[in-house]
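[1] Below are the sequence and a predicted model for it; my questions follow.
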Amino acid sequence: MKLLITIITITIIALIGSRLTFLNRKLPLGFRNIIFTGTEYIFMGVLLGKMGLNMIDPKILTSLEPFLFFGLSWIGFLFGLQFDFKSLKNLPRFFFSISAIQAFVTFLVVTPVIFFSFKTFSTLPAGTVLILSFALGSASVCTAQSALAIVCNNYRFKNPKFFSLLNYIAGIDGIFALALYSLTFIIFPLSGSTKFDLAASLKWLLLALTIGMITAFIFIILSRVRFSQQEFIVFILGSVLFGGGLAMKTNNSPLLIGFISGLIIANFCRHRLRALEIMVHSEKSIYIIILVIIGASWKLDFNFVLIITGFYFLSRLLAKLMGVFAATRSFKFDFHVPWSTGLGLLSEGGFAIAIIISFSIFYPALSDYLITVVVISMIINEFISPKLILSLLENPVPIDFRDRPDITKKNK
């Protein structure tokens, strides 16, 4: 009965939350960005979890684990659907190179800082610290587009090409974060294991590729016949459930499997845009449920983890500055690119959360460390990101929405 009540409660929160918009333009941009990214639902989960009412206790969390696999499969699937190679070819190639350089510089700076921080302030085994470092290093690469979207919707500015560069990096660096995330599971492919096993690593990777491709091919074959809108939704749900379910059964990554499926469908299925529209429409509800669950599982301790969170925040800020500076100085632009462009890429957002949830599923003992570091860092970054982006733009001018009563009325 308690499980049923919990599911109903979370579902109601998700349904209401997905239909609410808190875009009051009187609020500072930072607060709007925090709300826009759904951070408040993590604290709703805290209220319902072991630090609050204990409605979602450890037993309930175990029962909800299949939904986490489904949700992560959905996020990976949706992320993969966005990468149509034909569309990417229309953008300058060096944009991709800049994104790659800043992503790997970020990982290479943050990972050792986190490793030595944990070694200094904790008594955790070296293998466990290495997994934590790789997990947080890969999550640090992620950049959310939420802060950029808020600035774009509220200001007019010169140099749109520069803003396009920021949007491109924020949109694509999740690929590099996912690659580095996958590298961790290749090195440590079995839950609880900290020993490298080449045969197990190859088996894990081959299994992820196989499940992802099979899921995509089934979807493509089904979509070749005539179908209604309702049937198409069933195709999508079935594909995501199939990939996530097999990931759970085979101890594999639903995020990676979902991404592989979505990527193949994006480039070989003529109904890509239709699938993308349906998934985007439902994304917020699923994301809210995941945030509530992660909040319920979170236990915040005021100990050395807060110090490590500070190191994570500062090293990521420095790494973004260094990475983008090094990358942009390697190419010639026909528009102005400030040396501090990396400050516009601090917003972390949902994909970083998805990565730490994936690690938490396979390494539950590390869950509190991962959630504490990323969630606190994310709140700070979402708050400061809009102002930092504005500082990079030339003569930003606020949009006067009083001249557009339809928009003002809609967003109250």
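    That came through fine.
[2] For stretch 344-357, give the mean pLDDT please.
    Across stretch 344-357, the average pLDDT comes to 90.
[3] Same check on stretch 320-339?
    Mean predicted lDDT for stretch 320-339 stands at 88.
[4] before we move on, what about stretch 214-225?
    90.
[5] can I have it written out in PDB, keeping just the CAs?
    The C-alpha trace of stretch 214-225 is given here as PDB (Å, rounded to 0.1, in the frame of the first residue of the first chain):
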ATOM      1  CA  ILE A 214      18.700  -4.200 -31.800                       C
ATOM      2  CA  THR A 215      16.300  -1.700 -30.000                       C
ATOM      3  CA  ALA A 216      16.900   0.800 -32.800                       C
ATOM      4  CA  PHE A 217      16.300  -1.700 -35.600                       C
ATOM      5  CA  ILE A 218      13.100  -3.000 -34.100                       C
ATOM      6  CA  PHE A 219      11.800   0.600 -33.900                       C
ATOM      7  CA  ILE A 220      12.800   1.300 -37.500                       C
ATOM      8  CA  ILE A 221      11.100  -1.800 -38.800                       C
ATOM      9  CA  LEU A 222       7.900  -1.100 -36.800                       C
ATOM     10  CA  SER A 223       7.900   2.500 -38.100                       C
ATOM     11  CA  ARG A 224       7.900   1.300 -41.800                       C
ATOM     12  CA  VAL A 225       4.300   0.200 -41.600                       C
END
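[6] ok, and what's touching it?
    With contacts defined as CB atoms under 8 Å, 6 or more residues apart in numbering, stretch 214-225 is touched by 232, 235-236, 239, 242-243, 246, 257, 260-265, 268-271. Every residue, glycine included, has its C-beta placed from N, CA and C.
[7] Type out the PyMOL command that picks the buried ones from these.
    Applying 16 or more other CB atoms under 10 Å to the contacts of stretch 214-225 leaves a buried subset, and the PyMOL line that selects it is:
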select buried, resi 232+235+236+239+242+243+246+257+260+261+262+263+264+265+269+271
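[8] right, and residue 43 touches residue 295 too?
    Yes: with contact defined as CB atoms under 8 Å, residue 43 counts as touching residue 295 (6.1 Å).
[9] Which one's more surrounded, these two?
    Remark: of residue 43 and residue 295, residue 295 carries more neighbours, 24 against 17, as counted by other CB atoms under 10 Å.
[10] which element is that one on?
    Assigned by DSSP states H and E, residue 295 belongs to helix 272-297.
[11] again with residue 326
    Per DSSP H and E: helix 304-328 holds residue 326.
[12] And that helix, what does it pack against?
    Counting contacts by 3 or more CB pairs under 8 Å, 6 or more residues apart in numbering; DSSP states H and E, helix 304-328 is packed against helix 93-121, helix 126-141, helix 367-392.
[13] okay, those helices in JSON lines with distance to residue 281, mean pLDDT and mean neighbour count next?
    What follows is the helices and strands packed on helix 304-328, written out as JSON lines (distance: least, CB to CB, whole Å; pLDDT from 0 to 100; neighbours: other CB atoms under 10 Å):
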{"stretch": "helix 93-121", "distance to residue 281": "28", "mean pLDDT": "92", "mean neighbour count": "20"}
{"stretch": "helix 126-141", "distance to residue 281": "27", "mean pLDDT": "92", "mean neighbour count": "24"}
{"stretch": "helix 367-392", "distance to residue 281": "24", "mean pLDDT": "91", "mean neighbour count": "22"}
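[14] Out of those, flag the one nearest residue 163.
    Of all these, helix 367-392 sits nearest to residue 163, with 8.7 Å by CB to CB.
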